[in-house]
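Colleague: A structural model of the following input is requested.
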Amino acid sequence: MRRAWALGVVVAAVACAGGELDRPRDAVVTTPFGSPPLAADLDPRADHVAVSLRAAPLGGSTTRLGYSGASPGPTVRARVGDTVEVTLDNQLAEPTTIHLHGVHLPYEMDGDGHGAPPVAPGERFTYRFVAERAGTFWYHPHVGAVTQVRAGLYGALIIEDPRDPAAEEVVLVFSEVPGEAFDPPSHAHATPLSVDYRRGQSWLVNGARSPSLSLASGTVVRARLVNASADAPLRLSWPGVRVIGTDQGLLPAPHDADEVPLMPGDRAEVEWRVGASPFDVVALPDSVVGPVGGDAVTLLSVAPTGELDAPASRAWGAPALPAVDLARPVDATWVFTGGGEGSDLRINGERFPDVTPTPAPLGQELVIELRNLSSTRHPFHLHGHPFRVFSVDGAPPGFESWEDTTALEPFSTRRVLVRPALPGEWMAHCHLLTHAAGGMATILSVRQP
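Modeller: Prediction:
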């Protein structure tokens, strides 16, 4: 049966970093430029974390928004097993929510605007959950998401596992430079997808343009990377890329790579073995239809202090994942169509909010086939439930992982394994937020069998 779902779209404008900061709970990186500050923990209990995030204009502006006086907002940090409370204080002139992207939590706490109504101007709401899975997550609005995220409403959420190897740490939130015109590649004007090139080549790192990060030589650094763009893909590279984790935490086996692709909403954890030589983190030319020609752009310079050699890698790793039969039957299929300028954006021929929910019995694994029939990449995101990509165009993926956001390449197919563990009407959508707002979304209905 088809069911209509309300998707709030509220107009706001663009923003950049600035303003006051909440007092940090613990030091993260003591450098002139480093991780965003930590949100103050207001609960004295060791196994509870309570933070307050005030969504408001920055510096009196009506077009620049942030949380608790900054963009990115303060990093929310907890440990596995903690009870976490995030209170949203809405001081905007419009409704908003906080979606805790990638976190396993009750449906009423998802912040999608359906399980609980949006938070009205001047009102407060507290999102509560138990931190069950370690990883690098983030938070952002899910009402008026296109404009509010572009305006600066986003921040990192870190859940630690105390069993992980010890390392220095830095959190890097990548976002587009607000309000800056983007000159698309010349060949883009020959394609109906040219609108999708309008942003994405000018970036901020933790709210700063082309900053320099000072790190002590001889240290191992766990860098947590978040693409908080509304709709711009990002391909990062530096000498000696080593990926240790993705959306849902550490990988069973770290791997070396030439680059780290991050679609909007994606995260990665990487290891930097810092020696005496400086290096740059660069963005390789990219677009919603795939890599494009052009020069790499330096986003961040790492300047080591001292003359120590690079240390050995840490023993990163999560438990190995059991094999999945590539021929396992498909329980549901979601077909993505549209993506260019003026496209009719749909999943299974339906445009959100008028969609047919896909049933998913609570506690019963299911396989969903994701088909992209368009010439545009679509970063697929499922709320509330991690999934395992076990088949890419009929073959095993390059590495094993649990994800909550995965890139559907043009004219490609992925099969994912989902374990419905929480009842609710969970959103699934393209995380190019313009596409989600245009109707490329559906519902996974998890209920008791």
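Colleague: how far does the helix or strand hosting residue 303 sit from the chain's center?
Modeller: Per DSSP states H and E, residue 303 falls inside strand 297-305. In terms of CA atoms, centre = their mean, to the nearest Å, the centre of strand 297-305 is set 23 Å apart from its chain centre.
Colleague: average pLDDT across it?
Modeller: Confidence over strand 297-305 (mean pLDDT, whole number) is 96.
Colleague: what's it in contact with?
Modeller: 172, 174, 201-203, 205, 210-217, 236, 238, 272, 274-283 (CB atoms under 8 Å, 6 or more residues apart in numbering). From N, CA and C alone the C-beta is placed, and that goes for glycine too.
Colleague: PyMOL command to pick out the buried ones of those?
Modeller: Entered in PyMOL, the line below selects the buried ones among these, by 16 or more other CB atoms under 10 Å:
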select buried, resi 172+174+201+202+203+205+211+213+214+215+217+236+238+272+274+275+279+280+281+282+283
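Colleague: so which of the contacts of strand 297-305 are in helices?
Modeller: Residues of the contacts of strand 297-305 located in helices (DSSP state H): none.
Colleague: which of the contacts of strand 297-305 fall within strands?
Modeller: 172, 174, 203, 205, 212-216, 236, 272, 274, 279-283 (DSSP state E).
Colleague: quick revisit: for whatever helix or strand comes next after the strand holding residue 303, which strands pair with it and how are they oriented?
Modeller: Using DSSP H and E, the helix or strand that directly follows strand 297-305 along the chain is strand 332-337. Strands that pair with strand 332-337, judged by DSSP bridges, come out as strand 346-347 (antiparallel), strand 366-372 (parallel).
Colleague: so which of those strands is the most surrounded?
Modeller: strand 346-347 (a mean of 24; mean count of other CB atoms under 10 Å).
Colleague: re the thing from before, dump the strands paired with strand 332-337 into TSV; add mean pLDDT as well.
Modeller: Shown next, in TSV, are the strands paired with strand 332-337 (pLDDT from 0 to 100):
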stretch	mean pLDDT
strand 346-347	98
strand 366-372	98
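Colleague: so after the least confident helix or strand in the chain by mean pLDDT, what's the next helix or strand?
Modeller: Here the helix or strand of the chain ranked lowest by mean pLDDT, DSSP states H and E is strand 3-4, holding a mean of 40. Moving toward the C-terminus from strand 3-4, the next helix or strand (DSSP H and E) is strand 48-57.
Colleague: please save the CA atoms from that next one in PDB.
Modeller: Listed next in PDB are the C-alpha coordinates belonging to strand 48-57 (Å, rounded to 0.1, in the frame of the first residue of the first chain):
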ATOM      1  CA  HIS A  48      26.400   9.100  30.700                       C
ATOM      2  CA  VAL A  49      27.000  11.900  28.300                       C
ATOM      3  CA  ALA A  50      24.600  14.900  28.100                       C
ATOM      4  CA  VAL A  51      25.300  17.800  25.700                       C
ATOM      5  CA  SER A  52      23.300  20.700  24.500                       C
ATOM      6  CA  LEU A  53      23.500  22.000  20.900                       C
ATOM      7  CA  ARG A  54      22.000  25.400  20.200                       C
ATOM      8  CA  ALA A  55      21.000  25.900  16.500                       C
ATOM      9  CA  ALA A  56      21.200  29.600  15.800                       C
ATOM     10  CA  PRO A  57      22.600  32.200  13.300                       C
END
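Colleague: what packs against it?
Modeller: strand 65-67, strand 73-79, strand 83-90 (3 or more CB pairs under 8 Å, 6 or more residues apart in numbering; DSSP states H and E).
Colleague: quick one, it and strand 83-90 angle?
Modeller: 20 degrees (axes from the mean of the first three to the mean of the last three CA atoms, to 10 degrees).
Colleague: what mean pLDDT does strand 48-57 get?
Modeller: 97.
Colleague: what's in contact with that strand?
Modeller: By CB under 8 Å, 6+ apart, the list of residues contacting strand 48-57 reads 22, 39-43, 63-69, 73-74, 76-78, 82-92, 96, 98, 139, 141, 153, 155.
Colleague: can you select the buried ones from these in PyMOL?
Modeller: Filtering those down to the buried ones (16+ other CB under 10 Å) takes a single PyMOL command:
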select buried, resi 22+39+41+63+64+65+66+67+68+69+73+74+76+77+78+82+84+85+86+87+88+89+90+92+96+98+139+141+153+155
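Colleague: could you look up the SS state of residue 435?
Modeller: helix (DSSP: H, G, I helix; E, B strand; the rest coil).
Colleague: what score does it have for pLDDT?
Modeller: 95.
Colleague: quick one, what contacts it?
Modeller: Taking CB under 8 Å, 6+ apart as the test, what residue 435 contacts is 231, 338-339, 345, 378, 429.
Colleague: show me which of the residues you listed is closest to residue 317.
Modeller: Ranked by distance to residue 317 (CB to CB), the contacts of residue 435 are led by residue 378 at 30.4 Å.
Colleague: related to what we said a few turns ago, okay, now the sheet partners of the strand holding residue 303, with direction.
Modeller: Here strand 297-305 is paired, per DSSP bridges, with strand 212-216 (parallel), strand 279-284 (antiparallel).
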